[in-house]
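Novice: no sequence for this one, just the structure:
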DNA sequence: CTATTTAGTTGCATGATACAACTTTATCGA
DNA sequence: TCGATAAAGTTGTATCATGCAACTAAATAG
């Protein structure tokens, strides 16, 4: 058990998870406003996706094959599911929904969506994202999925302004740096004020901002400010990724996107400011050719830290270095 | 269904939630490495907390009382649970764990902790908090459905800076004004930049910001800037409430709090800037003694609107007007 | 003092599930 | 090519958690 997972967190997660399962109605005999047992509802939704066999259902729902067999029999008898012999293998039966089965699934979706939407209406908008992140992280962890490196599915890197981008980038900074490094009001003001001014200059072709988005949620950001450091120098700013994206490679993707832009725009150097102690980030910078150029105590962010300037020369067009 | 909860988020949460329930093993007959049914495991953990009756168990596990009765019978027969007649009421039985029951619960805890710790070990350090937050938010939201109608629990008006306040106030503005009035990047920059600068001046006694909070969520804001309009004039700024608080009276409470502060600080006038079309807000202002003092086309917010200045003279100490 | 409510039990029916044994079809190795 | 083995799905059998309804006993209200 890793040391950083305190027993407190573990028990808190367990207790919440127990409550959640109860709220979701784990012991009720029917579900989602139908007279179907929970497993049948799950099964119908899986079958809706297409290309499913009885064996797949057993694996996905963690049910014994005989239980699946009987459950399917009932769904076939009720006219919701159709079985078709699979081509090429006489043993397997492909499952699909009949017309009435589709109606039934549609009703299930409508009911469940209304229920979830009603629950979410008790949250503020930003918290919807927190809910999804938390559920997804925990589920993936339980499933033992470790597809490290590959960007999480559905995460895209997009550029340009969108409503709320200043607010959200500021929020990620305020949250992370206040909790992990004790930075407070002045730091948040510096971030918000800088971003506000920068956004007004986004139409200049040397300036750009990118975000990592999942749906309409912003989970990471980076920007190149091509004006504020003087001619020929790109300033890499507002580079941060949400906890939910840690270890997914999205952080690297953002950084590479920004550096490619800086190179393409013809900047000879890219500068960035940070402070000591952010070792994971520093490693990333150095991998990309950044070198520590300046270091010293400073308090421009509202607290005395060892501020650092990293500089990266443009990758030479003559010999790509790697 | 509030417009800001897109179908995308809802279906993503539903899909993840289905997966989670499966990973937690909702359909397996035993749980947590014991030979007990899920409900019995939940029951034992509840009983461990102490002061529980059969009726309480039914409520917490959402089970019918007869089911609880039978389940308890088995736990008593197996020597894990003890029933004691409650003092003062001959009908109820207080439940407690026997020595062997405590051993059993300890084993359950050990098993489950190991399982959760193993899952969490696949996450990055900061993600544990994200998991807990997401689970807790969603569970609370779901639980909130059952006791619906409970009027906005625990909404408080608080003053002063807290991490993320600039981000959140900016977000509320960006979201509302971009969707309802088509204001875009420049407006968000004006809000964020103004707030950033104002936050740096919050230590001045004539400046203050208030937020309506529910737990740690910010659902409304207002501020008095006592410096930027010149001597003797208070500037009411960043007044907004989230959809979730519409009609709860929190908006009025915020406004009254800010105006009371302005009066107490001795300002002779309070000014605010808005634009035409925000009729509900205008009504609120006029109720509090604001009068339209100036009006004209302008585009300081990035779009041509009819900008308005409202002015309210300090409530005379001689005759409080209402 | 009687009627009603509440905590908990029991009769009964339902039905979801696992295990084991089975049929049918596919695959693999010599 | 054939025989052994595995895989997909079915059926027999037993178990057991659950809900509804009817019940007992104790408390409370009028």
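Specialist: Okay, I see it. What you are looking at is a predicted structure, and each value in this text was computed from that prediction instead of being measured.

Novice: CA atoms for contacts and neighbours, from now on please.
Specialist: Will do.

Novice: which SS state does the residue nearest to residue A:284 when sequence neighbours are not counted fall under?
Specialist: Spatial nearest neighbour of residue A:284, excluding adjacent residues (C-alpha to C-alpha, 6 or more residues apart in numbering or on different chains): residue A:252 at 7.6 Å. Classification of residue A:252 using DSSP: H, G, I helix; E, B strand; the rest coil returns helix.

Novice: what separation do you get for residue A:252 and DNA strand C?
Specialist: Distance of residue A:252 to DNA strand C, computed by C-alpha to the nearest atom of the strand, to the nearest Å: 40 Å.

Novice: what's the answer for residue A:75, then?
Specialist: With distances taken as C-alpha to the nearest atom of the strand, residue A:75 is found 10 Å from DNA strand C.

Novice: contacting residues around that residue?
Specialist: For residue A:75, the contact set (C-alpha atoms under 8 Å, 6 or more residues apart in numbering or on different chains) comprises A:40, A:81.

Novice: for residue A:188, same thing?
Specialist: Neighbouring residues of residue A:188 by C-alpha under 8 Å, 6+ apart: A:170, A:173-174, B:163-164, B:166, B:196.

Novice: cool, and residue A:292?
Specialist: Residues in contact with residue A:292, defined by C-alpha under 8 Å, 6+ apart, are A:308-311.

Novice: now swap in residue A:272 and tell me
Specialist: Taking C-alpha under 8 Å, 6+ apart as the criterion, residue A:272 is in contact with A:235-237, A:309-311.

Novice: alongside DNA strand C, which residues does chain A contribute?
Specialist: Residues of chain A found near DNA strand C (C-alpha under 7 Å from any atom of the strand) are A:29, A:36-39, A:62-68, A:70-71, A:88-91.

Novice: filter these down to the buried ones.
Specialist: In the residues of chain A next to DNA strand C, burial by neighbour count holds for A:38-39, A:62-63, A:68, A:71, counting by 16 or more other C-alpha atoms under 10 Å in any protein chain shown.

Novice: where's the dip in pLDDT among those?
Specialist: When those are compared by pLDDT, residue A:62 scores lowest at 75.

Novice: and it, how far from residue A:18?
Specialist: According to C-alpha to C-alpha, to the nearest Å, residue A:62 and residue A:18 sit 19 Å apart.

Novice: ditto for residue A:251
Specialist: Plainly put, residue A:251 is 33 Å away from residue A:18 if you go by C-alpha to C-alpha.

Novice: out of the two, which sits in the more crowded spot?
Specialist: residue A:251 (24 against 17; other C-alpha atoms under 10 Å in any protein chain shown).

Novice: how about the contacts of residue A:292 in JSON lines, adding distance to residue A:217, pLDDT and secondary structure?
Specialist: Shown next, in JSON lines, are those (distance: C-alpha to C-alpha, whole Å; pLDDT from 0 to 100; DSSP: H, G, I helix; E, B strand; the rest coil):
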{"residue": "A:308", "distance to residue A:217": "31", "pLDDT": "94", "secondary structure": "strand"}
{"residue": "A:309", "distance to residue A:217": "31", "pLDDT": "95", "secondary structure": "strand"}
{"residue": "A:310", "distance to residue A:217": "30", "pLDDT": "95", "secondary structure": "strand"}
{"residue": "A:311", "distance to residue A:217": "31", "pLDDT": "96", "secondary structure": "strand"}
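
Novice: and the spatially closest residue to residue A:50 that is not a sequence neighbour, helix, strand or coil?
Specialist: Leaving aside its sequence neighbours, residue A:50 sits nearest to residue A:96 (C-alpha to C-alpha, 6+ apart; 6.4 Å). Counting by three-state DSSP, the backbone at residue A:96 sits in strand.

Novice: quick one: which of the contacts of residue A:292 is most hemmed in?
Specialist: Highest neighbour count within the contacts of residue A:292: residue A:311, with 23 neighbours (other C-alpha under 10 Å).

Novice: what sits against the residue nearest to that one when sequence neighbours are not counted?
Specialist: Nearest non-adjacent residue to residue A:311, counting by C-alpha to C-alpha, 6+ apart: residue A:271, 4.6 Å away. When contacts are counted by C-alpha under 8 Å, 6+ apart, residue A:271 touches A:233-236, A:309-312.

Novice: ok so residue A:271 is a helix residue?
Specialist: No - Residue A:271 is assigned strand when assessed by three-state DSSP, not a helix.

Novice: show me what it bridges to in the sheet.
Specialist: According to DSSP bridges, the partner residues bridging residue A:271 are residue A:235, residue A:311.

Novice: how near is it to DNA strand D?
Specialist: Counting by C-alpha to the nearest atom of the strand - residue A:271 and DNA strand D are separated by 56 Å.

Novice: same question, residue A:250
Specialist: Going from residue A:250 to DNA strand D by C-alpha to the nearest atom of the strand gives 35 Å.

Novice: run a quick neighbour tally on that residue.
Specialist: A count of nearby residues for residue A:250, using other C-alpha under 10 Å, gives 25.

Novice: does it touch residue A:212 like I think?
Specialist: Yes - here residue A:250 reaches residue A:212: they are 7.2 Å apart, a contact under C-alpha atoms under 8 Å.

Novice: shared neighbours, these two?
Specialist: residue A:220.

Novice: which residues of the stretch 151-300 of chain A score low on pLDDT?
Specialist: For the stretch 151-300 of chain A, applying pLDDT under 70 flags the ranges A:151-154, A:215, A:247.

Novice: how about the strands of it, start to end?
Specialist: A:155-159, A:208-214, A:217-225, A:233-241, A:269-275, A:291-298 (DSSP state E, counting those that start in this stretch).
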